[in-house]
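S.K.: okay, sequence plus prediction incoming.
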Amino acid sequence: DRILQGKEVTITVADTDGSPVEGAEISKTETGELVGTTDAEGKLVTDAFSAEAGSTVIVAKKGEEYSFEFSVYGAQGDETGKPDGIRFNVTEDPATQKSIGWLSSPVAEGKQVIRYAVKGSDAWTTVDAEGEQVYFSKNGNSSAIVNSVVLEGLAPETTYEFTVGTEGAMSDTREFTTSAADPTSHSFFVIDQDRTNIETIIEQLGAGSYDFGAQTGDASDDPTLYEDWPVLGNLFGDPNLKGTEVISVLGNHEYTGDADGSIASTIYHNDTTAPGSCWSVQYGDLYIAVMNYANNAAQMREAAAWLEQDANASHAKWRILFTHQPPYFTNATGGNDIVYEVLPDAIDAAGIDAVFSGHDHSATRTNPLKAGEKNEKGTVYYICGSTGGKEYSITSQGTFDYDKIFALATIDYSATYLTASVSGDTMTININDVDRGVIDSFEIESKCHAPQFDVETGSVSCARCGRAIKNYTGSIKDADGNSYYFLNGKMQIGWV
């Protein structure tokens, strides 16, 4: 059982028939200290176990002895209810929605809320937050309330002001801007784990404007350590990022002491956080898949099958994947062999344009690859470096032909982050070093507009996005692989 530090607890003693035991003496087994005696209902109300965080074993004595273990959790956060770790999580529609989360003390009184208005307007709206108590066990037991709100019905391309907290303890006023409805151009950033130079990276990102960001996993070395979470929230909720929502991949560290990822699930406001789990979202013509850390082959194969099916159900022009473990890895001892064995074939079948991974802490870009060979229509794989606190030596030369596979593979950097822009038929991806600027830039051309013949309608359209192709000339196949020839939009029969 859990007791919140500073709060009373009711201990109930019953016999084997479930009847209350009056006069049972409750004492601490370690010291023998008598805490109190149960009343006629078999109950004792006391705060003797919640003076400080830790575990206490108690016994109830009356003829026979019973032992109960209570874990006492300290209250984290400001007792006034002032919020901490404000962050922006992922939504299904960033043009009309905004997901905002923050931490607060479980002993604070008053309802946690968000107040927001269109910038420059006096028409403020107040929305109650949903709060869930989360428990942490690293460095002493502690607890905090994770608050979350998803604002809906917002206007596209509009700047809003907002403040969160409780009456008398609200945050400073901040801003966010909704995206365009059904956008065809995009910009985003990608950050790997560690936080050594993260403030510098965020400051540099502040010079630009981004539709979303992504973190490739292991943002927290230990999710059961409370102190990690307000720091991460304050970093990714930094005003320099202008309210940019951040996609959070779960790496192996996010499952340390939290096997099902439930702490990250609550803080990221995302139910899909179990090991090997996957999810996707589509922003305009950009399909985004997310694959959390898989700790065995069965999970990886299930994730690969999901990716192929889910991506091909999308008609987005562009398809990208964020995953913690890199299929084309540089650290031979990083445990990525099963990822390389399983994932590239699924990525090929899913038509993914670019893959962004972490885990190995090298700054890496492959050549465009398909079936493990150079192919200008293939997928480009990135390992996103690190923010400077951790690198692993490049040791996978025994697995890969580096001249064929890798265009760049280095740990010669201070701290890295990636920025990407999508415009028209081109996606441009830069690897940035905080000290040297852009150290690699590459353009990916869209795989879109591959023609396919629809037998039922007699029309020709892009097999990927469904866009109609008029006056098509050339060979073409239908969805079943049957071949045809078209001349100026008309199917030809016989000799041409």
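M.R.: Yep, it's here.
S.K.: okay, which residue is most central for the chain?
M.R.: Geometric centre of the chain, nearest residue: S248, 1.8 Å, by Cα atoms, centre = their mean.
S.K.: tell me the pLDDT at that one?
M.R.: Looking at S248, its pLDDT reads 95.
S.K.: is it in contact with S265, as I believe?
M.R.: No: with contact defined as Cβ atoms under 8 Å, S248 does not count as touching S265 (10.3 Å). C-beta here means a position set from N, CA and C on the backbone, and glycine is covered the same way.
S.K.: what segments of the chain are helices?
M.R.: Remark: helices assigned in the chain by DSSP state H are 198-205, 228-236, 262-267, 297-312, 337-350, 402-405.
S.K.: just say which of those helices is most tucked in.
M.R.: Ranked by mean neighbour count under mean count of other Cβ atoms under 10 Å, the helices of the chain are led by helix 262-267, which reaches a mean of 22.
S.K.: mind listing the strands for the stretch 351-496 of the chain?
M.R.: With DSSP state E, counting those that start in this stretch as the criterion, the stretch 351-496 of the chain has strands at 354-357, 363-366, 369-370, 373-374, 380-384, 406-410, 416-423, 426-433, 437-445, 451-454, 459-462, 474-477, 483-487, 490-491.
S.K.: nearest to L232, out of these?
M.R.: strand 416-423 (15.5 Å; Cβ to Cβ).
S.K.: packing partners for that closest one?
M.R.: Strand 416-423 sits against strand 186-191, helix 198-205, strand 380-384, strand 426-433, with contacts defined as 3 or more Cβ pairs under 8 Å, 6 or more residues apart in numbering; DSSP states H and E.
S.K.: can you pull the buried residues of it?
M.R.: Applying a neighbour-count criterion of 16 or more other Cβ atoms under 10 Å, one finds 416-422 buried in strand 416-423.
S.K.: A180 - nearest residue in space that isn't next to it in sequence?
M.R.: Leaving aside its sequence neighbours, A180 sits nearest to E157 (Cβ to Cβ, 6 or more residues apart in numbering; 5.2 Å).
S.K.: OK, contacts around the one you found?
M.R.: E157 sits next to 95, 177-181 when contact means Cβ atoms under 8 Å, 6 or more residues apart in numbering.
S.K.: ok, now which ones touch W306?
M.R.: Listed by Cβ under 8 Å, 6+ apart, the contact set of W306 reads C278.
S.K.: turn the buried residues of strand 416-423 into JSON lines, columns for distance to T387 and pLDDT.
M.R.: Below are these laid out as JSON lines (distance: Cβ to Cβ, whole Å; pLDDT from 0 to 100):
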{"residue": "T416", "distance to T387": "7", "pLDDT": "95"}
{"residue": "Y417", "distance to T387": "7", "pLDDT": "96"}
{"residue": "L418", "distance to T387": "12", "pLDDT": "98"}
{"residue": "T419", "distance to T387": "14", "pLDDT": "98"}
{"residue": "A420", "distance to T387": "18", "pLDDT": "98"}
{"residue": "S421", "distance to T387": "22", "pLDDT": "97"}
{"residue": "V422", "distance to T387": "24", "pLDDT": "96"}
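S.K.: Throw those into JSON lines and include distance to T196, thanks.
M.R.: JSON lines is the format used below for those (distance: Cβ to Cβ, whole Å):
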{"residue": "T416", "distance to T196": "11"}
{"residue": "Y417", "distance to T196": "12"}
{"residue": "L418", "distance to T196": "17"}
{"residue": "T419", "distance to T196": "19"}
{"residue": "A420", "distance to T196": "23"}
{"residue": "S421", "distance to T196": "26"}
{"residue": "V422", "distance to T196": "30"}
